[in-house]
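Asks: what follows is a protein structure lacking sequence information:
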């Protein structure tokens, strides 16, 4: 079944700097019509507020502001397999002003008592933009106690600058959700931008909602930056609506003093068709003179150029001369290439001490023992080892990541080991990561 994608841009903010280290494959294209992609039939929802008699799960809103009539609202609810029902509002700004929107949903019992309030905020909703509000009532133990849900909204002057029109979002449906690739094509930073997806069945009923931050290591999406996210849906769906929410808070993080060319990168990708999985490894060396934290955002593509997965991995700190690993795991075997983007934190909380960690491995038939000794004067924490296994042709066939400590700290002078048992390989390489100590 083809799935339909409706891209709706809500008030947004831009995310921090990252540069591409791998050329993006040409994206597979689909015909679009008014931001709708594909599908046998267009199943679109009305932007009018609907009553429960018109659409299952719809609720009546309580208008509390004279501007409220200028904001179109459509309501849905659904009950996930586990947990209480979730209540959704798609709201569109038909006014001529940008607002900071606050929505409150109140779960009511049959006697009219409030069981719990749930609040959602949109920092900057510009004219013509739409937002998705997700209301949840976790404190209500028995969902059957909810007899009604009442909504109220307030509209204020925003502190954030809207910039959603500067964000280009491309979508690719997958079996368990949708992949969103967001690029900041403007000149304004976005702060903690959220991507929100609402999944629908063929009758237009909401069946699931999902959200992810579209943000780099500093919580931003900077001009020119691209970030991919995986918006999950556990069930088969007919079509999806995606929204970008947020804005620029005026508090940009310091400009990075390093760039991608300051780092050596060796890439390995291994596909295991028997287990339907793919491993992507980036071995990164800091050739700069700056202590940095790093984040790698990955977007995986199939042979046709369709986005099929996305992931984000972190290195909390990497000192000049240090080498460490980004390891992304994808539970599918149809991946042909992986695009990745780095972002940098030039004021990380930690340093590593990796250069004072002695490490080695020993092969005994099909078993490998990895060992590390802390030669730093102080204890370190979160020290991990990576064993990369290759076949005779040099293809990556497996990755084992494990800790070198049993508690929190790896004390000075201590030696710890871990084993990888019953492996099939021709050669192995070892790397370490972590080893974090708080900066003074």
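Replies: Arrived safely. It should be emphasised that the depicted structure is a prediction, and the values quoted were computed from it without experimental measurement.

Asks: I figured residue 78 hits residue 86, correct?
Replies: Yes - here residue 78 reaches residue 86: they are 6.1 Å apart, a contact under CB atoms under 8 Å. Quick note: C-beta positions are derived from backbone N, CA and C, even for glycine.

Asks: can you give me the strands for the stretch 1-150 of the chain?
Replies: Taking DSSP state E, counting those that start in this stretch as the criterion, the stretch 1-150 of the chain carries its strands at 4-9, 19-20, 32-33, 36-37, 71-78, 86-93, 99-108, 114-125, 130-136, 148-156.

Asks: so how far is the last one off the chain centroid?
Replies: The one in question is strand 148-156. In terms of CA atoms, centre = their mean, to the nearest Å, the centre of strand 148-156 is set 28 Å apart from its chain centre.

Asks: for the record, mean pLDDT for that strand?
Replies: Averaging pLDDT along strand 148-156 yields 96.

Asks: quick one: that strand to strand 71-78, angle?
Replies: Angle of strand 148-156 versus strand 71-78, following axes from the mean of the first three to the mean of the last three CA atoms, to 10 degrees, is 140 degrees.

Asks: which secondary structure elements does strand 148-156 contact?
Replies: Strand 148-156 is packed against strand 71-78, strand 86-93, strand 99-108, with contacts defined by 3 or more CB pairs under 8 Å, 6 or more residues apart in numbering; DSSP states H and E.

Asks: Serialize those to a markdown table and add fields for distance to residue 215, mean pLDDT and mean neighbour count.
Replies: Shown next, in a markdown table, are the helices and strands packed on strand 148-156 (distance: least, CB to CB, whole Å; pLDDT from 0 to 100; neighbours: other CB atoms under 10 Å):
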| stretch | distance to residue 215 | mean pLDDT | mean neighbour count |
| --- | --- | --- | --- |
| strand 71-78 | 27 | 97 | 21 |
| strand 86-93 | 23 | 98 | 23 |
| strand 99-108 | 20 | 97 | 21 |
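
Asks: got those strands as CSV, with distance to residue 267 columns?
Replies: What follows is the helices and strands packed on strand 148-156, written out as CSV (distance: least, CB to CB, whole Å):
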stretch, distance to residue 267
strand 71-78, 41
strand 86-93, 40
strand 99-108, 43
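
Asks: what about residue 321, is that helix, strand or coil?
Replies: What DSSP: H, G, I helix; E, B strand; the rest coil gives for residue 321 is coil.

Asks: residues contacting it?
Replies: Listed by CB atoms under 8 Å, 6 or more residues apart in numbering, the contact set of residue 321 reads 285, 286, 287, 355.

Asks: from residue 357, how far off is it?
Replies: Applying CB to CB, to the nearest Å, the value for residue 321 to residue 357 is 13 Å.

Asks: what's the answer for residue 391, then?
Replies: Counting by CB to CB, the separation of residue 391 from residue 357 is 28 Å.

Asks: and what of residue 407?
Replies: For residue 407, the distance to residue 357 - CB to CB - is 17 Å.

Asks: which one of those two is surrounded by more residues?
Replies: Taking residue 407 and residue 357 together and counting by other CB atoms under 10 Å, residue 357 has the greater number of neighbours (20 against 8).

Asks: my read: that one touches residue 435, true?
Replies: Yes - judged on CB under 8 Å, residue 357 makes contact with residue 435 at a distance of 5.7 Å.

Asks: what's the weakest-modelled helix or strand in this protein?
Replies: Counting by mean pLDDT, DSSP states H and E, the weakest-scoring helix or strand in the chain turns out to be strand 32-33, with a mean of 32.

Asks: give me the buried positions along stretch 218-232.
Replies: 218-223, 225-231 (16 or more other CB atoms under 10 Å).

Asks: mind checking the end-to-end distance for it?
Replies: End-to-end distance for stretch 218-232, by CA to CA, to the nearest Å: 24 Å.

Asks: how about stretch 201-220?
Replies: 33 Å.

Asks: what touches both of residue 357 and residue 435?
Replies: Shared contacts of residue 357 and residue 435, counting by CB under 8 Å, 6+ apart, come down to 374, 376, 380, 383.

Asks: among those residues, who's most crowded?
Replies: Neighbour tally across the shared contacts of residue 357 and residue 435 (other CB under 10 Å): the maximum, 26 neighbours, falls on residue 380.

Asks: that one is in contact with residue 432, isn't it?
Replies: No - using CB under 8 Å, residue 380 is not in contact with residue 432, being 10.5 Å away.

Asks: joint contacts of these two?
Replies: Shared contacts of residue 380 and residue 432 (CB under 8 Å, 6+ apart): residue 357.

Asks: the shared contacts of residue 357 and residue 435: which two are farthest apart?
Replies: Using CB to CB, the pair of the shared contacts of residue 357 and residue 435 lying farthest apart is 376 and 383, separated by 10.2 Å.

Asks: for residue 123, give me its contacts.
Replies: Residue 123 touches 11, 13, 100, 158, 159, 160, 245, 246, 247, 249, counting by CB under 8 Å, 6+ apart.

Asks: do residue 308 as well
Replies: 172, 174, 179, 300, 301, 302, 330, 332, 334, 335.

Asks: take these and keep only those in strands.
Replies: The strands, defined by DSSP state E, take in 172, 174, 179, 300, 301, 330 from those.

Asks: report the separation between the nearest residue to the second one once chain neighbours are set aside and residue 80.
Replies: Excluding the flanking residues, the one nearest residue 174 by CB to CB, 6 or more residues apart in numbering is residue 308, at 5.8 Å. Here the distance between residue 308 and residue 80 works out to 24 Å (CB to CB).

Asks: again with residue 276
Replies: Using CB to CB, residue 276 is found at 26 Å from residue 80.

Asks: pLDDT score assigned to residue 285?
Replies: pLDDT, read off for residue 285, is 98.

Asks: repeat that for the one 4 residues further on.
Replies: In this model, residue 289 is scored at 96, pLDDT.

Asks: next, count neighbours for it.
Replies: Residues lying near residue 289 (other CB under 10 Å) number 11.
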